[in-house]
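Q: mind folding the following:
(chains A and B)
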Amino acid sequence: MRRFRMAAAAALTTALTAALATGCGGGNAPGDTAGNGNPKELTYWATNQGSSVEADKKVLAPELKKFERRTGIKVHLEVVPWATLLDRILAAASSGQGPDVLNIGNTWSASLQKSGALLPFDGKTFAEVGGKERFASAPLAATGARGKDPAAVPLYSLTYALYYNKAMFREAGIEQPPTTWAELVADGKKLTRGGKYGLAVEGGNPVENAHHAFVFGKQHGADFFDAAGKPTFDRPANVAAVKQYVDLLANDRIAAPGNAEYAQNQSVRDFATGKAGMLLWQAARTSLLAHGMKPDEYGVAPVPFRSADASGRRNVNSMVAGINIGVFKNTDNLDGALKFVKFMTSTDEQNVLTTKYGSLSPVLAAQKHAPRTPDEAVLREVLAKSAEPLPQVPDEAQFETLVGGAMKELFADAAAGKKITTADVRARLTAAQQQMQK
Amino acid sequence: MIARIRRGGLPYLLLLPALALELLIHLVPMVIGIAMSFKRLTQEYIGNWGAAPWAGLDNFRLAVDFDAPAGRALLHSFAVTCAFTVLAVGLAWLLGVTAAILMQDTFRGRGLLRALFLTPYALPVYTAVITWSFLLQRDNGLVNHVLHDQLGITDSPTFWLVGDNSFTALVITSVWRTWPFAFLMLTAALQNIPRESYEAAQLDGAGIRRQIRHITLPALRPVNQVLVLVLFLWTFNDFNVPYVLFGKAAPEAADLISIHIYQASFETWNFGSGSAMSVLLLLFLLVVTAVYLLVTGRGRRGGHG
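A: Down below sits the predicted model:
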């Protein structure tokens, strides 16, 4: 009897805890060759670009119909929210059960390239969808590691810009948007009064933080990865860069302490409702409008530099943000998938889609018309002259998580009233770097 | 002879489907998970992880090397999780047992109150926790509105979702979610205690406190044994509550192990390392559960003489 009880206890223990180790189970080796077994259908995963998944479906549906009329290929659309897209792609890659054509964040290009889940766009494949020379150089640089066949083709491009509240600037007697960080801090201090603040930051969002760390790092002449792809997070210049950004809240106090926990785009809301006078954001027009701020109420300017005459490799004030379109390697409709990529990146479609989404087109021919909005003029110039892609290394995702996460903790410390010193920043960045495994 | 084998074999034949399903649903994924922990499974091999090179014990060594940052971070996360589990399970049980005893006697509105108590358990996790995350926002949340604006208890609005207070926020949200389950189980268990025991105790002059100590709690013992174990396993492994409350990057003070492992595998594309941590966690939970069952089981046999 006693032995039976022991066995029963052991069995119960196992059963109760079994579900645990199954976390990442599954995954059979997919057939990794593309074919044309199913030439009349395509599955397309689009990321959520507009104000909601439903809005995206409305934007894309007529375009997909147009494609069907021309080619006879029916496209099954799924709009995947941004927050879950990467997990979905990883699951698709490990199971081999994925869409034919999909959107990826362009910062994931090198990682996904290394995974081998996507069809490499070698010279011949790229020629089939229209050729590399149709695309602007900055977005094209964000399609994978240098010297390797791109993992995907640029679809939409975005850059950061400085949005400022015209009325608040007027009241504070500021005539021009700031062009250097010193000016931005000075203007921010003028705007910070009576419960309003100079700048809104998304301090609780590691990804946003990492994007700013990248730009500030560039302006300090530093990179977060060396030429060999090894992390260099705690170099003095990177420490200074991260500290300068965190100091906007910690030391300059031109951002509200509450910003430290913002991770759901509350900074956009604060800017739109006049709680903050400035915002560093990508293509904010549609979200600002959704919060009731009309385009004539704000101005758009390039993100400031450290000095007015920044040049060479320090002449960077935005990452090349954007979406690439790729083909899943084991698609059963390769020809159709390439036709679809060609269609989506055609000049006509680019004009339609970027107008609806308020993004920039990475296609040169679709950038020729006059800017549709004042922000487009600024974003276009930034994209052409002073935007660089985030490091195209396989460990880029770790950079965003670890450095962005370290900055989130620094913001939280600062907001709780702790003083942030260079040593604090260095300690956080060193710890982040050491966690880069391998 | 054959007939005897047939007769003897039938039970095993009947067990076969269950055994096959058990293998398929529990054991195979577990074995795969364990196999993954011995591999260097990064994004490079995600399409065909059979081709990933064997890493030996490297993943485990990295996880338990407490002098290195990765190991230290895991240890910190483990400590946070233990503290969180003890507090959350303890409070959920205490609330559950208190409410169940108070609801034992019939009174007007009992049904309504019971239904009300069970609401958190009936709500979908996401809805419930996202509501908490709104309540706990620093600038616009209801919690700070009451504590700071209305009552003036705090000098400045408190951060609940970042920094050290995030631990408190997590415990409160988790207890709020799980205590109705304890309440439900204990309410059911209380129905089995004969009223005569209480009446006899009253005749002997035992007060409420002594009745609870000498009748209610001993009678609840078998239920408590399972209830606390289940609460422990759920709470220790809870992923949804911290994920919805804090997003992908939990603050250090509330860096629960499930989120930590998710980060180590999905956010950084290192599935071998994540699996190794999962396996270590599985071993820990196995040991805790086995010890718990043995100790409580022995105690119960002793208790009944």
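
Q: other SSEs contacting the strand or helix carrying residue A:406?
A: Here residue A:406 sits within helix A:396-415, counting by DSSP states H and E. Applying 3 or more C-beta pairs under 8 Å, 6 or more residues apart in numbering or on different chains; DSSP states H and E, one finds that helix A:396-415 makes contact with helix A:109-115, helix A:206-219, helix A:236-250, helix A:422-434. Any C-beta I mention is one placed from the backbone N, CA and C, and that applies to glycine too.

Q: residue A:289 should be in a helix, yeah?
A: Yes - the assignment for residue A:289 is a helix, going by DSSP: H, G, I helix; E, B strand; the rest coil.

Q: hmm, back to that, out of the helices and strands packed on helix A:396-415, flag the one nearest residue B:176.
A: With C-beta to C-beta as the measure, helix A:206-219 is the member of those nearest residue B:176 (27.1 Å).

Q: just the buried positions in that closest one, please.
A: Residues of helix A:206-219 classed as buried by neighbour count (16 or more other C-beta atoms under 10 Å in any protein chain shown): A:206-219.

Q: between the residues you listed, which is nearest chain B?
A: residue A:206 (4.7 Å; C-beta to the nearest C-beta).

Q: quick one on the thing from earlier: report the inter-axis angle for the helix holding residue A:406 versus helix A:422-434.
A: In terms of direction (axes from the mean of the first three to the mean of the last three C-alpha atoms, to 10 degrees), helix A:396-415 departs from helix A:422-434 by 150 degrees.

Q: what is the distance between helix A:396-415 and the centre of its chain?
A: The gap between where helix A:396-415 is centred and where its chain is centred comes out at 16 Å by C-alpha atoms, centre = their mean, to the nearest Å.

Q: next SSE downstream of the helix or strand containing residue B:171?
A: Here residue B:171, judged by DSSP H and E, is contained in helix B:166-190. For helix B:166-190, the following helix or strand on the C-terminal side (DSSP H and E) is helix B:195-203.

Q: may I have that next one exported as CSV, CA atoms only?
A: Output in CSV follows, covering the C-alpha atoms of helix B:195-203 (Å, rounded to 0.1, in the frame of the first residue of the first chain):
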residue,chain,number,x,y,z
ARG,B,195,-23.5,20.5,11.7
GLU,B,196,-23.6,18.2,14.7
SER,B,197,-19.9,18.6,15.3
TYR,B,198,-20.4,22.3,15.8
GLU,B,199,-23.5,21.8,17.9
ALA,B,200,-21.6,19.4,20.1
ALA,B,201,-18.7,21.8,20.4
GLN,B,202,-21.0,24.6,21.4
LEU,B,203,-22.6,22.4,24.1
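
Q: how about the helices in the stretch 1-150 of chain A?
A: A:2-21, A:53-71, A:82-95, A:109-115, A:123-128, A:137-141 (DSSP state H, counting those that start in this stretch).

Q: could you list the low-pLDDT ranges of chain B?
A: Where chain B drops to pLDDT under 70, the residues are B:1-7, B:298-305.

Q: same thing but 80
A: For chain B, the stretches with pLDDT under 80 are B:1-8, B:43-44, B:46-51, B:69, B:248, B:264, B:266-269, B:297-305.

Q: and what of chain A?
A: A:1-35, A:50-51, A:308-313, A:374, A:436-438.

Q: in contact with the residue of the stretch 151-300 of chain B found nearest chain A, which residues?
A: Scanning the stretch 151-300 of chain B for the residue nearest chain A gives residue B:162, at 3.9 Å (criterion: C-beta to the nearest C-beta). Residues in contact with residue B:162 (C-beta atoms under 8 Å, 6 or more residues apart in numbering or on different chains) are A:204, A:260-261, A:408, A:411-412, A:415, B:251.

Q: try 10 Å
A: In this structure, residue B:162 makes contact with A:203-204, A:258, A:260-263, A:408-409, A:411-413, A:415-416, B:138, B:169, B:246, B:249-254, judged by C-beta atoms under 10 Å, 6 or more residues apart in numbering or on different chains.

Q: repeat that for residue A:386.
A: Counting by C-beta under 10 Å, 6+ apart, residue A:386 makes contact with A:138, A:159, A:215, A:218, A:302-303, A:305, A:310, A:314-318.

Q: make it 8 Å
A: Counting by C-beta under 8 Å, 6+ apart, residue A:386 touches A:302, A:315-318.

Q: check residue B:156 too.
A: Going by C-beta under 8 Å, 6+ apart, residue B:156 touches residue B:148.

Q: and the helix holding residue A:406, C-alpha only, in CSV?
A: Only the C-alpha atoms of helix A:396-415 are listed here, as CSV (Å, rounded to 0.1, in the frame of the first residue of the first chain):
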residue,chain,number,x,y,z
GLU,A,396,19.9,43.2,-32.9
ALA,A,397,16.8,42.0,-31.0
GLN,A,398,18.8,41.4,-27.9
PHE,A,399,20.2,45.0,-28.2
GLU,A,400,16.6,46.4,-28.2
THR,A,401,15.5,44.2,-25.3
LEU,A,402,18.6,44.6,-23.1
VAL,A,403,19.7,48.2,-23.7
GLY,A,404,16.1,49.4,-24.0
GLY,A,405,15.2,47.5,-20.8
ALA,A,406,18.2,49.0,-19.0
MET,A,407,17.0,52.5,-20.0
LYS,A,408,13.5,51.7,-18.7
GLU,A,409,15.0,50.9,-15.3
LEU,A,410,17.1,54.1,-15.4
PHE,A,411,14.0,56.1,-16.2
ALA,A,412,12.1,54.4,-13.3
ASP,A,413,15.0,55.2,-10.9
ALA,A,414,15.1,58.8,-12.1
ALA,A,415,11.3,59.2,-11.8
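
Q: and the strands in the stretch 251-400 of chain A?
A: Assigned by DSSP state E, counting those that start in this stretch, the stretch 251-400 of chain A shows strands spanning A:276-282, A:298-301, A:318-319, A:321-327, A:387-388.

Q: could I get those strands as TSV with distance to chain B and mean neighbour count?
A: Putting those into TSV (distance: least, C-beta to the nearest C-beta, whole Å; neighbours: other C-beta atoms under 10 Å in any protein chain shown) gives the following:
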stretch	distance to chain B	mean neighbour count
strand A:276-282	12	26
strand A:298-301	22	20
strand A:318-319	19	25
strand A:321-327	14	26
strand A:387-388	23	24
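
Q: mind checking these for the one nearest to residue A:119?
A: strand A:321-327 (4.1 Å).
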